[in-house]
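In: I'd like to go over a predicted model; first the sequence, then the structure.
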Amino acid sequence: QVQLVESGGGLVQAGGSLRLSCAASGRIFGNYAMAWFRQAAGQEREFVAAISWSGGTTYYADSVKGRFTISRGNAKNTVYLQMNSLKPEDTAVYYCATASRTSRRSDDYNYWGQGTQVTVSS
C-alpha cells in the first residue's frame, strides 16, 4: 500500500508565501515522478507542477510559472512546492501524486494524497 501525506497548507494574504510538503511511503517500486495538482471549489482538478525522479525535469502550469517551485528531497520520497506571490485564484485543495513518468496529465498518476487546503485572502 502506498501513502502520500501532504502538509503545509493554510491561510495567507495575497502576495504571501507557503511551502507545501508531501511524503510518500509504502511499496513504491522503481523511479517515480511526483506532481502537484489542485482543485478549487466547483472546478475540475488541474495540473500545477511535476518533477522527475532525478529532479532534472520539471513542468509547470502557465498560471504558476515564475511564482511556484517544485523540488524533491534528497531521499527522493518527498516533494515540495514553494509558492510565492500567492493570489486569491490560487485558493484550492492541493494534492500530490506519483507516476511512473513525468507528466502533466492526471490520468498518468496512480497514487494520490488526501490534499491540503490553501486559502489566499485578498
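Out: Cool, got the structure. The structure displayed is predicted, hence computed values, not measured ones.

In: and the residue positioned nearest the centre of the chain, what element?
Out: Taking CA atoms, centre = their mean, the centroid of the chain lies closest to residue 36, which sits 2.2 Å from it. According to DSSP states H and E, residue 36 maps onto strand 33-39.

In: any idea how far residue 108 is from residue 16?
Out: 31 Å (CB to CB, to the nearest Å). Backbone N, C-alpha and C define where each C-beta goes, glycine included.

In: what's the first-to-last distance across stretch 65-77?
Out: Counting by CA to CA, to the nearest Å, you get 24 Å between the two ends of stretch 65-77.

In: Now residue 28: closest residue in space, sequence neighbours ignored.
Out: Residue nearest to residue 28 in three dimensions, not counting chain neighbours: residue 2, with 5.4 Å by CB to CB, 6 or more residues apart in numbering.

In: can you pull the contacts of the one you found?
Out: For residue 2, the contacting residues are 24-28, 98, 111, by CB atoms under 8 Å, 6 or more residues apart in numbering.
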